[in-house]
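J.: got a predicted structure here, sequence first:
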Amino acid sequence: MVDAVHAALLELSERLLAAARDGDWETVASLEDERVTQIALLPTTESEVMPLLKVLLAHTEEVRRLAQSQRDRLGADLQDHQHRHRALSAYLHAGAE
């Protein structure tokens, strides 16, 4: 039973990681909610749970790195958009005079 629970949690975590790699952040959020619930149900006294937790932590760290990269890209895109908007506004304002 424990192995099946661990396997299911590991598979869920791998799906979450795959969604993050694909940039599917809605799925990531949904799967993370489910994963948190499943992790909370793990017995903390089992010595077999430690290797699983290490893998889950590694998945979490990679998802965080991917999310930070996405956030950085979105920030750069927003700055570029704002710069273009200001340039277009200045051009239109100069043409109106």
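T.: Thanks, I have it. Residues are numbered from 1 along each chain as shown.
J.: now the helices for this structure?
T.: Assigned by DSSP state H, the chain shows helices spanning 2-22, 25-40, 49-96.
J.: winner for burial among those?
T.: Stretch with highest mean neighbour count among those: helix 2-22 (a mean of 15; mean count of other C-beta atoms under 10 Å). Using the backbone N, CA and C atoms, a C-beta is placed for each residue, glycine as well.
J.: what lies in contact with it?
T.: Around helix 2-22, the neighbours that count as contacts under C-beta atoms under 8 Å, 6 or more residues apart in numbering are 25, 27-28, 31-32, 34-35, 38-39, 41-42, 46, 48-49, 52, 55-56, 59, 62-63, 66-67.
J.: where in the protein is pLDDT low?
T.: Within the chain, the segments meeting pLDDT under 70 span 1-2, 97.
J.: which ones are touching the closest residue to Leu42 other than its chain neighbours?
T.: Excluding the flanking residues, the one nearest Leu42 by C-beta to C-beta, 6 or more residues apart in numbering is Val49, at 5.5 Å. Contacts for Val49 (C-beta under 8 Å, 6+ apart) come out as His6, Leu42, Pro43.
J.: now render those as JSON lines, adding distance to Arg71.
T.: Shown next, in JSON lines, are the contacts of Val49 (distance: C-beta to C-beta, whole Å):
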{"residue": "His6", "distance to Arg71": "31"}
{"residue": "Leu42", "distance to Arg71": "30"}
{"residue": "Pro43", "distance to Arg71": "35"}
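J.: could you give the backbone dihedrals for Leu41?
T.: Torsion angles at Leu41 (phi, psi; degrees, to the nearest 10) stand at phi -90, psi -10.
J.: what about it, how many neighbours?
T.: 8 (other C-beta atoms under 10 Å).
J.: nearest spatial neighbour of it, skipping sequence neighbours?
T.: Val5 (7.8 Å).
J.: send me stretch 61-76 as PDB with only the CA atoms.
T.: Extracted C-alpha coordinates of stretch 61-76, given in PDB (Å, rounded to 0.1, in the frame of the first residue of the first chain):
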ATOM      1  CA  GLU A  61      13.200  23.400  -6.900                       C
ATOM      2  CA  GLU A  62      13.100  22.800 -10.600                       C
ATOM      3  CA  VAL A  63       9.500  24.100 -10.900                       C
ATOM      4  CA  ARG A  64      10.600  27.200  -8.900                       C
ATOM      5  CA  ARG A  65      13.500  27.800 -11.300                       C
ATOM      6  CA  LEU A  66      11.200  27.400 -14.300                       C
ATOM      7  CA  ALA A  67       8.600  29.800 -12.700                       C
ATOM      8  CA  GLN A  68      11.300  32.400 -12.000                       C
ATOM      9  CA  SER A  69      12.500  32.200 -15.600                       C
ATOM     10  CA  GLN A  70       9.000  32.600 -16.900                       C
ATOM     11  CA  ARG A  71       8.500  35.600 -14.500                       C
ATOM     12  CA  ASP A  72      11.700  37.200 -15.800                       C
ATOM     13  CA  ARG A  73      10.600  36.700 -19.400                       C
ATOM     14  CA  LEU A  74       7.200  38.200 -18.700                       C
ATOM     15  CA  GLY A  75       8.900  41.200 -16.900                       C
ATOM     16  CA  ALA A  76      11.200  41.800 -19.900                       C
END
